[in-house]
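A.B. asks: No letters, just coordinates:
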């Protein structure tokens with residue numbers, strides 16, 4: 001008959017009870033090469049929340065067509081934005097992690113900040129396993145997607161749940177699913193826009209470009225569009241802009257389905273053609289600059305605008321590791337770390 005020792009000294013439980021903050025973002029290839037991009041896209045585009053097409057049909061298209069042609073094209077685009085520090089998204093994310101940790105330490109809050117990517121490395125599973133080994137039993141998860149959407153914050157929850165389903169002891173989880181109307185977030189966006197206006201002058205039009213999503217998702221109940229609209233309204237009110245001063249658009253379409261509109265590239269082209277030759281573009285849905293902002297907006301859409309007759313185009317960088325952004329992160333997680 002099995003006999004208990006009476007104490008938990010042999011279980012290791014007495015060494016647990018630590019708190020951790022898990023920052024999560026979309027992810028990036030490890031290298032700007034075709035094989036690396038293929039691995040990344042295979043994981044990303046296989047997620048059923050990202051592409052809501054019947055699995056057998058979609059996987060046939062994905063592996064039969066897309067992963068045979070798109071990785072080489074995407075790798076070439078990644079090479080254009082790659083730096084000595086590697087992927088901009090990864091470099092910025094690491095700086096965000098370090099600066100948030102410094103803020104927690106400065107305030108005497110005993111919690112460690114971890115970083116994971118939903119797709120690619122460091123993976124969600126490996127980071128959670130590291131947290132477990134280091135005795136973290138209370139995890140505050142901050143997906144760095146300001147406006148909740150199923151294919152972003154929703155799939156972060158999925159990935160965490162899949163890993164924790166394998167664990168004997170499930171830790172306490174605080175999941176921050178959205179911060180689209182958080183005052184510190186709105187203030188940080190407004191501040192970055194005001195700084196740009198002070199330096200370059202007020203443009204004829206401010207384009208607030210959010211990541212796109214199929215319109216079908218919205219019709220089925222995903223709140224993303226409404227959250228983007230609220231972010232826009234709050235920033236506009238903070239800045240005192242009129243309806244003629246700005247436009248809200250959506251970028252990064254994929255496939256043939258109808259997506260949320262108006263589309264960023266089409267809007268920017270129309271602005272150039274109709275004499276609105278001075279615009280500034282900001283992407284509030286991106287917490288760190290990446291391929292979609294640096295190549296698509298700052299590169300491709302700049303060309304679209306100039307070819308349409310536009311003259312002055314400027315991209316207002318993401319909040320990245322700016323002090324106001326780190327302050328916002330601290331405020332979001334701090335309430336769970338007392």
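C.D. replies: Cool, got the structure. The structure presented is a predicted model; accordingly, all values stated were derived computationally and were not measured. Numbers count the residues shown, from 1 in each chain.
A.B. asks: quick one: the helices in this structure?
C.D. replies: 34-45, 55-61, 67-81, 88-106, 124-133, 155-164, 183-200, 215-219, 224-239, 264-273, 302-307, 323-334 (DSSP state H).
A.B. asks: So for the fourth one, mean pLDDT?
C.D. replies: To tie it back to what came earlier, the one meant is helix 88-106. The pLDDT scores in helix 88-106 average 98.
A.B. asks: Tell me how far that helix lies from the chain's centre.
C.D. replies: Centroid separation for helix 88-106 versus its chain: 15 Å, with C-alpha atoms, centre = their mean, to the nearest Å.
A.B. asks: Of all the helices of the chain, which one is nearest residue 283?
C.D. replies: Proximity to residue 283, assessed across the helices of the chain by C-beta to C-beta, is greatest for helix 264-273 (9.0 Å). For the C-beta atoms, the positions are set from N, CA and C on the backbone; glycine is no exception.
A.B. asks: Show me what that closest one packs onto, helices and strands only.
C.D. replies: strand 205-211, strand 246-251, strand 278-282, helix 302-307 (3 or more C-beta pairs under 8 Å, 6 or more residues apart in numbering; DSSP states H and E).
A.B. asks: buried stuff in the worst-scoring helix or strand of the chain on mean pLDDT?
C.D. replies: Ranked by mean pLDDT, DSSP states H and E, the helix or strand of the chain with the weakest confidence is helix 55-61, at a mean of 94. Within helix 55-61, the residues scored as buried using 16 or more other C-beta atoms under 10 Å are residue 58.
A.B. asks: thinking again about what came up before, I'd like the helices of the chain as CSV, with distance to residue 19 appended.
C.D. replies: Output for those, formatted as CSV (distance: least, C-beta to C-beta, whole Å):
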stretch, distance to residue 19
helix 34-45, 29
helix 55-61, 38
helix 67-81, 35
helix 88-106, 10
helix 124-133, 10
helix 155-164, 16
helix 183-200, 21
helix 215-219, 34
helix 224-239, 28
helix 264-273, 40
helix 302-307, 44
helix 323-334, 10
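A.B. asks: Which of those helices sits closest to residue 289?
C.D. replies: helix 88-106 (5.3 Å).
A.B. asks: what's the closest one in contact with?
C.D. replies: 21, 23, 25-28, 81-83, 85, 111-115, 117, 144, 287-291, 294, 318, 320-321, 325-327, 329-330, 333, 337 (C-beta atoms under 8 Å, 6 or more residues apart in numbering).
A.B. asks: where in this protein is pLDDT low?
C.D. replies: 1-15 (pLDDT under 70).
A.B. asks: Nearest residue to the middle of it?
C.D. replies: residue 145 (4.3 Å; C-alpha atoms, centre = their mean).
A.B. asks: I'd say it and residue 287 touch.
C.D. replies: Yes. In this structure, residue 145 is within contact of residue 287 by C-beta atoms under 8 Å, at 7.2 Å.
A.B. asks: Pairing partners for residue 19 in the sheet, please.
C.D. replies: Beta-bridge partners recorded for residue 19 (DSSP bridges): residue 138.
A.B. asks: dump the residue contacts of the residue nearest to the centre of the chain.
C.D. replies: Here residue 145 is in contact with 25, 152, 153, 156, 178, 285, 287 (C-beta under 8 Å, 6+ apart).
A.B. asks: Including distance to residue 75 and neighbour count, could the residues you listed go into CSV?
C.D. replies: As requested, these are exported to CSV (distance: C-beta to C-beta, whole Å; neighbours: other C-beta atoms under 10 Å):
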residue, distance to residue 75, neighbour count
25, 20, 26
152, 23, 24
153, 28, 25
156, 25, 24
178, 33, 18
285, 24, 26
287, 24, 28
